[in-house]
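In: Here is a sequence with its predicted model. Questions after.
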Amino acid sequence: MGAVDVLLDGLLEAVRLLLTGDEDTWSVTALTLQVSLTATAVALLLGVPFGTALALGRFGGRRVLLAAANTGMGLPPVVVGLFVTVLLWRSGPLGALGLLYTPTAMVIAQAVIATPIVAALTAAALQQVDPGFLLQMRALGATRMRATAALLAEARLPLLAAGLAGFGAVVSEVGAAQMVGGNIEGQTRVLTTAAVLATSRGQFALAIAFGLVLLAIAFAVNLFVTLAQQREEAKGAGAPATEERTAPGSRPSGAARSSS
Amino acid sequence: MGISCRSLRVTDRGRHRLAVDFLEVADGETVAVLGPNGAGKSTLLRALAHLEPAAGGEVLLDGEPVPPAQLRAAVAAVLQRPVLQRASVLDNAAAGLRLRGMRRARARLLARPWLDALGIAHLADRHARTLSGGEVQRVAIARALAVRSRVLLLDEPFTGLDATTRADLIADLRTALDQSTAAVLLVTHDRDEAAALAHRTALLLRGRIRQVGATADVLDSPADLECARLLGYTTHLPSELTGHDVLLVARPERCRLVVPGGAPARHGVVVAGTLRRVVPLGGTTRVDVDTAAGPIAVLTTTEVTTAPGDPVCVAVDAGNARECPPRDAAPIEDTA
Amino acid sequence: MRMLSALVLAAVLLLVGCGGTAAPAPSAAGPSAERSLILATTTSTQDSGLLDELLPAFTRDSGWQVKTLAVGSGQAIELGRRGEADVLLVHSPAAEEALVAEGAAGQRRLVMHNDFVLVGPANDPAGVRGSDSVGAVAKIAAAQALFVSRGDDSGTNAREKDLWKKAGITPEGGWYQATGQGMGATLRVASEKAGYTLSDRATYLAQRDTLALDVLSEGDPGLLNIYHVIEMTTKAGERVQPDGALAFADWITAPPAQQQIGGFGQAEYGKPLFIPDAGKDEAGLGA
């Protein structure tokens, strides 16, 4: 079978599986979204406050932590999978929870992968905002909470990108998902692990089909975020900056000087 | 009653940046704090708004100390180089209210008239990033005014604006302030702005208030030499030149060049010197004259016929000269 | 923009929610499918598709959900040793016997067998066609022809090492390459590189269409591939579920399952991929 044949077959297979509502494909896709979206949500919940503290805080060791977060962005998923597996083993410290080989374990592992990414990118996003922003918000009477909320709203586009980066990292990884999930049919099989299994069984068209579905998901999420960003940019691009126009009923331009 | 501060001290690494014993701004009154760059004006403003920690002293509302949260609630400030949000002009104007807990729709409703007051109602839906410098300042001022706080603090709100824009904004701000009952503190380095907007003016030099009073009085009668320089009395006539027992100061534009031996000054002083250079500056001409006690400057609108190197006299009418108490013997020390 | 975001969010939640309900619970019949046991097994039982057919039936009959870890005999045995798995289905006799000798394992029963085959490129550069297994590997070493090994302590790997030992050869050099992966992946590497490898017949047959490999040596007793089921006890780990292990071991050695095993692959390949052997005397296998 030529390579092109395999790819074409894969494409056709992907369309066929999705359109006929093949239960296995849909359930694998649904689980992929379930696990990765949940993990991203957890990563945002933990990573945004942590990143905010890193960007705004004034405590000892802040820079060390910031460096650690940046390093954490490059955590190999396989390594995370290994650590989480050892924790969740029956003989491990959290073994009593019986979480190994469940979607929950996968969410945990993926959240560990995504959180440093979200935290580091949040810190970077906040540091890009005008340094006088927070002070000006406080100067208008905002409490620290409200001022920080305004700051996060101001950086909403880069924050969205941070979430996207976290999602992208976990939806496409296979090492951690395989190790902590076990790729168990109907329970912990996601698109990446299913693709690897199909490949090892020689079912190339199916493997490519899974790969294409994964690409479609990644593309859809990216499209959504990109559209949001472009829309924001368009609002800002508006009319070019004009010099001061006098309002209707213009006033004389001489200054009202009192005698000196 | 208003906002005031007592024994306010702000230090920076052991040095005093601000040492104000007492300053008060009453409700409905506008007080200008006039000083050169680095005098501590912004520091004073931030300390009053509790945006900067004070090493000592207190800020009072109606004569009573208040907890920081209450102080911040009573104050709205426009900081130097104002920062706007990534939103429309109207949403920015409403930001002050929203940051205090008001719902968006209501805040927008209440903020809209302030856009009118500052002449930018037509920009309501424009994105903040497309505005010119003057428009940004107007939005920032509208934002602070919309809060209708008891106290309004303005830190050099006309910085970076061209003359026309500045003039228009001063007029619009004056109109808006006249209708407000807030206690307003205006920080500036420009005495024309103080004259246009403030009932009273305080001169701040090197962290300390040297003079405070009704604006016209302060601008007209500097308390000492440094104040005089700040207020534009840059032509100094020491006693050895004039025969007066005290230093006299005058504004360069109020001095006249006279030919030696010409008509005597009317109840004024005349000093002799040598003309050093003539610099035409558009409508006026600056003339530098070397005297026995050093160089002095004159700004005149009449034609200058004397040539550099020739003897010339500088005359100052009595009404235009100000007596200046002896220079302080020791410079004021910035010690903690 | 808000409308669009809301719509997208709703769509995603809907999809995710449906996925949630489509997940496990194979059948409502039988006792509550909440109990789950961990089966550690080889890649060949999974890659051949046998487990996909057997396990749903087991869950239906016993109410036990099975979490299958197809990791290769070496790792499977290690997991059993640590008590991380409840029951093992493996084909590495020497390692199995060692495990049993340690005392933490329970019953070990014969389940089925198939055979290994030596496969290689059709043009057979080392000329092994027709030789017996030991002779074949000797010829491969002599010709320094490419040999792809599993290299992962699996049952297949153990048998391969056994063959080299019997031939008195220590394989090393550029011609001997180890993938460290399962049977399916190793076969594909061998196919792409036109090399020889040792594979269980079931996996080879299941993937034959995509491989450029022929069977070059088969049938001798040294290539017999025997599968046992081993139950673990709480001596290996306090969370082991011996009752689940027993249920599985009993089920897979009982006639209905054995019959299913015997029929597996019949339709596609003309002959069964595995021969059921429960209850037989091990010495008499083969032939």
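Out: Sure thing, it's come through. Numbering: from 1, shown residues only, chains lettered A, B, ... in the order given.

In: Pull the contacting residues for A:Phe83.
Out: A:Val112 (Cβ atoms under 8 Å, 6 or more residues apart in numbering or on different chains). The way it works is simple: take the backbone N, C-alpha and C, and place the C-beta from them, glycine included.

In: whoops, I mixed them up, B:Ala140
Out: Contacts of B:Ala140 by Cβ under 8 Å, 6+ apart are B:Val78, B:Pro82, B:Leu84, B:Pro157.

In: ok, which residues in the stretch 101-250 of chain B are in contact with chain A?
Out: Those residues of the stretch 101-250 of chain B that sit near chain A, judged by Cβ under 8 Å from any Cβ of the partner chain, are B:101, B:119-122, B:126-127, B:129-132, B:134-135, B:143-144, B:147, B:149, B:153, B:162-168, B:170-172, B:174, B:191-192, B:195-196, B:216, B:219-220, B:232.

In: could you flag which of those are buried?
Out: For these, a neighbour count by 16 or more other Cβ atoms under 10 Å in any protein chain shown gives the buried set as B:119-121, B:126-127, B:130-132, B:134-135, B:143-144, B:147, B:149, B:153, B:165-168, B:170-172, B:191-192, B:195-196, B:219, B:232.

In: these two touch, right, C:Glu230 and C:Glu97?
Out: Not quite, residue C:230 is Ile, not Glu. No - taking contacts as Cβ atoms under 8 Å, C:Ile230 lies outside contact range of C:Glu97: 10.3 Å.

In: between those two, who's got more neighbours?
Out: C:Ile230 (23 against 11; other Cβ atoms under 10 Å in any protein chain shown).

In: looking at this, that one is in a strand?
Out: Yes - under DSSP: H, G, I helix; E, B strand; the rest coil, C:Ile230 falls within a strand.

In: Identify the residues contacting it.
Out: C:Gly80, C:Val87, C:Leu88, C:Leu89, C:Val90, C:Glu96, C:Leu99, C:Val100, C:Ala105, C:Gly106, C:Gln107, C:Arg108.

In: so what's the second one bridging to?
Out: Meaning C:Val87. Note on C:Val87: beta-bridge partners C:Leu39, C:Glu231, judged by DSSP bridges.

In: how many other residues sit next to it?
Out: 29.

In: Check A:Thr20 too.
Out: If you count neighbours by other Cβ under 10 Å, A:Thr20 ends up with 10.

In: Which pLDDT value belongs to it?
Out: Looking at A:Thr20, its pLDDT is 84.

In: any idea how far it is from chain C?
Out: Distance of A:Thr20 to chain C, computed by Cβ to the nearest Cβ, to the nearest Å: 15 Å.

In: so where do the helices sit in the stretch 151-300 of chain B?
Out: B:163-178, B:191-197, B:215-220, B:225-230, B:239-242 (DSSP state H, counting those that start in this stretch).

In: tell me what the second one is packed against?
Out: Think helix B:191-197. Secondary-structure packing of helix B:191-197 (3 or more Cβ pairs under 8 Å, 6 or more residues apart in numbering or on different chains; DSSP states H and E): strand B:30-34, helix B:163-178, strand B:183-188, helix B:215-220.

In: I'd like the next helix or strand past the first one.
Out: Yep, that's strand B:30-34 we're talking about. Sequence-wise, the next helix or strand downstream of strand B:30-34 (DSSP states H and E) is helix B:41-48.

In: got the buried residues for that following helix?
Out: Buried residues in helix B:41-48, defined by neighbour count with 16+ other Cβ under 10 Å: B:Lys41, B:Ser42, B:Thr43, B:Leu44, B:Leu45, B:Arg46, B:Ala47, B:Leu48.

In: Is A:Ile208 in contact with A:Val6, as I believe?
Out: Yes - the pair A:Ile208 and A:Val6 qualifies as a contact (Cβ under 8 Å) at a distance of 6.9 Å.

In: on that earlier part again, of the contacts of C:Ile230, buried ones?
Out: In terms of neighbour count (16+ other Cβ under 10 Å), the buried residues within the contacts of C:Ile230 are C:Gly80, C:Val87, C:Leu88, C:Leu89, C:Val90, C:Glu96, C:Leu99, C:Ala105, C:Gly106, C:Gln107, C:Arg108.

In: so can I have CSV of those residues showing secondary structure and pLDDT?
Out: Shown next, in CSV, are these (DSSP: H, G, I helix; E, B strand; the rest coil; pLDDT from 0 to 100):
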residue, secondary structure, pLDDT
C:Gly80, helix, 93
C:Val87, strand, 96
C:Leu88, strand, 96
C:Leu89, strand, 95
C:Val90, strand, 93
C:Glu96, helix, 93
C:Leu99, helix, 94
C:Ala105, strand, 93
C:Gly106, strand, 92
C:Gln107, strand, 93
C:Arg108, strand, 94
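
In: Tell me the one of those residues nearest chain B?
Out: Chain B has its nearest neighbour among the buried ones among the contacts of C:Ile230 in C:Gly80, at 59.3 Å by Cβ to the nearest Cβ.

In: so the closest one touches C:Ala236, yeah?
Out: Yes - the pair C:Gly80 / C:Ala236 is scored as a contact, 6.5 Å apart, by Cβ under 8 Å.

In: Show me the common contact partners of these two, please.
Out: Shared contacts of C:Gly80 and C:Ala236 (Cβ under 8 Å, 6+ apart): C:Ala105.

In: can you tell me the residue of chain B closest to chain C?
Out: B:Arg104 (13.0 Å).

In: any idea of the pLDDT on that residue?
Out: 93.

In: And A:Pro252, by the same measure?
Out: Looking at A:Pro252, its pLDDT reads 40.

In: One more: C:Gly19?
Out: At C:Gly19, pLDDT is 44.

In: got the contact list for the helix or strand of chain B at the bottom of the mean pLDDT ranking?
Out: Every helix and strand of chain B was ranked by mean pLDDT, DSSP states H and E. The lowest is helix B:239-242, at a mean of 82. Applying Cβ under 8 Å, 6+ apart, the contact partners of helix B:239-242 are B:Asp245, B:Val246, B:Leu247, B:Leu248, B:Val269, B:Val271, B:Thr291, B:Ala292, B:Ala293.
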